[in-house]
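# attaching a predicted model along with its sequence, questions to come.
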Amino acid sequence: MSDLLNTDYRAVHALIAGCWGLCAGVVSWYVGLAAVEMTYVTLADGQQQMRRLPLLFRLLLPLTPNVKCYNGPRTERLRETVSRKLVSGGFDTLLTPQQFLAMKILMPFVLGPLFIFLMWGALQQVPGAFGAGLMQRQGVVYLLIMLFFYIYPMRWLKRVVKTRHRIIERALPFVLDLLTLSVEAGLDFMSSIKRIIDRREIDALSEEMIRMFREMQVGRTRKEALKDMSDRVDSPDMRSVVNALVQADELGVSIGSILRIQSDQMRTRRFQRAEKLGNEAPVKLLFPLTCFIFPAVFIVLLGPIFIEMAKKGGL
C-alpha cells in the first residue's frame, strides 16, 4: 500500500514539475519573441524608421485592450496630455494614449507581483542581519516595487521627449545655416526644405521637416505647417524659430536675415546650455568622488602599510 502511495506521489510531483516546465517554456518563448520584435514608424514620405518600445511595454501591450478605466470623459484631459508627449517623443504611431495609460495600471499589478515573488525567494537566501532586516521590512520593499512600476512609464516618456528635444536642439543651428545659404542663393523656402531633406540623414528634426513639407505640398499654408510642427515638437527653440518665421512672413521681412539671426541665437543658447552643464559637473561629481574615489585611493595608498603593520604585529 505504501509503495502504491509513493508511486502516486511521484507521479503527481512529476506532473506538477512538467506543468511548471511547460509554463516556464511558454513564458520564455513569449519573452523571446517580444525581445526580438522589430517595430517601425512610417514617416510622412512613406519611409520607415525603426523605433523600439521598451521590453516591458512590448510584453504587456496585448493586454492593454482589457483596461478601459481611462476611456471616459473624465480622463480626456489626461489623455490629451499623454498624446502631446507621445507626439513630441515620436511614438504616437506605436502607442495610443489609452494604451500608455493602461500600462500604468498593468505594470504594478502584473509585473509587480511577479517581481515580488522572485524577490521573496532571493531575500530568503540572503544571510545575516541585512537579509533579516529586509524580511522585516518586506511591506515597505513591496510598496516601493509597486510604486516603481507605476511611475516607470511616465519616467520613460519624459526621458524620450527630453532626448528627442536634445537631438533637435543640436541639429537646429546647422539646418538653419543651410536654409540661410539656400534662401540667399535664390531658392524659395519650399525648394530649400526639399534640398535639406534629401541630403540629410533621417533624425528627429528631419522627420518633422518631412512632415511639414508634405503638409505644404497637400495645400496647407506655410504658417499652418510651421505652427503644426512647433506644436508637435513642443520645444522652446523650435517655437522661437517658428514664431520668427511666421512674423517675417506676415510683415514681409527677408527670411534669409531672420534665419541668420535665429541661427546665431540657437548657437548662443546651445553654448549657454553647455556652460550650465559644465558648471553643474563639479557638484554632480561630488558624490562619486566622496563615496568611491577617495576610499579607493585610501585603500591603494595605505593598504600595503596596514598589511605590513599587521604582519609585524603578528610576528
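Received the coordinates, thanks.

# which residues sit in contact with Thr34?
That one is not Thr; residue 34 is Ala. Residues near Ala34 by C-beta atoms under 8 Å, 6 or more residues apart in numbering: 55, 58-59. Heads up, the C-betas are built off the backbone N, CA and C, glycines and all.

# just put the residues you listed in a markdown table and tack on distance to Asp92, neighbour count and secondary structure.
Converted to a markdown table, the contacts of Ala34 look like this (distance: C-beta to C-beta, whole Å; neighbours: other C-beta atoms under 10 Å; DSSP: H, G, I helix; E, B strand; the rest coil):
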| residue | distance to Asp92 | neighbour count | secondary structure |
| --- | --- | --- | --- |
| Leu55 | 20 | 12 | helix |
| Arg58 | 17 | 16 | helix |
| Leu59 | 21 | 20 | helix |
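
# nearest to Thr221, of those residues?
Distance to Thr221, by C-beta to C-beta, is smallest for Arg58 among these, at 39.7 Å.

# check contacts around that closest one.
Counted by C-beta under 8 Å, 6+ apart, Arg58 has contacts 34-35, 37, 39.

# same question, Ile255
Shown in contact with Ile255 (C-beta under 8 Å, 6+ apart): 183, 189, 245, 248-249.

# most neighbours among those residues, which one?
For those, the largest number of neighbours (other C-beta atoms under 10 Å) sits with Leu245, at 22 neighbours.

# what sits closest to that residue if chain neighbours are left out?
Once flanking residues are discounted, Leu245 sits nearest to Leu226: 5.8 Å by C-beta to C-beta, 6 or more residues apart in numbering.

# where are the low-confidence patches of the stretch 101-250 of the chain?
Across the stretch 101-250 of the chain, the ranges flagged by pLDDT under 70 are 119-138.

# let me see the ranges of the helices in it.
With helices called from DSSP state H, counting those that start in this stretch, the stretch 101-250 of the chain shows them at 112-124, 128-136, 138-184, 189-199, 204-217, 222-233, 236-251.

# okay, domains of this structure per the record?
Here the domain parsing of the chain from automatic domain parsing is 2-164, 167-271.

# so Arg51 is in contact with Thr39, correct?
Yes. Assessed by C-beta atoms under 8 Å, Arg51 is found in contact with Thr39 at 6.2 Å.

# ok and the helix or strand where Lys276 lies relative to helix 189-199, angle-wise?
Per DSSP states H and E, Lys276 falls inside helix 255-288. In terms of direction (axes from the mean of the first three to the mean of the last three C-alpha atoms, to 10 degrees), helix 255-288 departs from helix 189-199 by 40 degrees.

# next one: Pro173 from Trp29, what distance?
Distance check for Pro173 against Trp29: by C-beta to C-beta, to the nearest Å, it reads 48 Å.

# check Thr96 too.
Thr96 sits 27 Å away from Trp29, going by C-beta to C-beta.

# with Leu301 instead?
In terms of C-beta to C-beta, Leu301 sits 53 Å off from Trp29.

# check this structure and tell me which residue is nearest its centre.
Centroid-nearest residue in the chain, with C-alpha atoms, centre = their mean: Val160, separated by 3.5 Å.
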